[in-house]
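Student: Give me a 3D structure for the following:
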Amino acid sequence: MASSQPLAGAPALSRARRWALLFTVAAGLLLVREAGGKVCDFKGATLGRMDNRGPETHQIVAGNLKVAESLQKVLVNTGYAAEFDAKF
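Tutor: A predicted model of the protein is given here:
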């Protein structure tokens, strides 16, 4: 069961909103994958299973192969990926 306690730095969401966000993100990821796109974390690794923390605490890059790869590199090279890791 998902915890209703927010993480430090994460916005407090009701259980219903958390589930709605989870299903919205899952639907988007499914669409990208089915269209032949790439879904990964900020470092290019395959995105793992969502956990109780919710999708707002996960690194997600999704898009066609060219865009996702370029975006992933920018996120790492600018330091944003490391900053996000430090938050969560």
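Student: contacts and neighbour counts: CA atoms only from here.
Tutor: Fine.
Student: Going by neighbour count, list what's buried in the worst-scoring helix or strand of the chain on mean pLDDT.
Tutor: The weakest-scoring helix or strand in the chain, judged by mean pLDDT, DSSP states H and E, is helix 80-87 (a mean of 79). Buried residues in helix 80-87, counted by 16 or more other Cα atoms under 10 Å: Ala81.
Student: And stretch 40-47, by the same measure?
Tutor: Cys40, Asp41, Phe42, Lys43, Gly44, Leu47.
Student: need the contact list for the second one.
Tutor: Right, the one you point to is Asp41. Contacts for Asp41 (Cα atoms under 8 Å, 6 or more residues apart in numbering) come out as Leu47, His58, Gln59, Ile60, Val61, Gln72.
Student: try the third one
Tutor: Each residue near Phe42 by Cα under 8 Å, 6+ apart is listed here: Gln59, Ile60, Val61, Gln72, Lys73, Leu75, Val76, Ala81.
Student: Among those residues, pick out the one closest to Val32, please.
Tutor: Within the contacts of Phe42, the smallest distance to Val32 is 10.4 Å, found for Val61 (Cα to Cα).
Student: Quick check: bridge partners of the closest one?
Tutor: Cys40 (DSSP bridges).
Student: Only the C-alpha atoms, please, for the least confident helix or strand of the chain, written as PDB.
Tutor: Only the C-alpha atoms of helix 80-87 are listed here, as PDB (Å, rounded to 0.1, in the frame of the first residue of the first chain):
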ATOM      1  CA  TYR A  80      20.600  18.400 -13.300                       C
ATOM      2  CA  ALA A  81      20.600  14.600 -12.900                       C
ATOM      3  CA  ALA A  82      23.000  14.900  -9.900                       C
ATOM      4  CA  GLU A  83      20.900  17.700  -8.400                       C
ATOM      5  CA  PHE A  84      17.800  15.600  -8.700                       C
ATOM      6  CA  ASP A  85      19.500  12.600  -7.100                       C
ATOM      7  CA  ALA A  86      20.500  14.800  -4.100                       C
ATOM      8  CA  LYS A  87      16.900  15.800  -3.600                       C
END
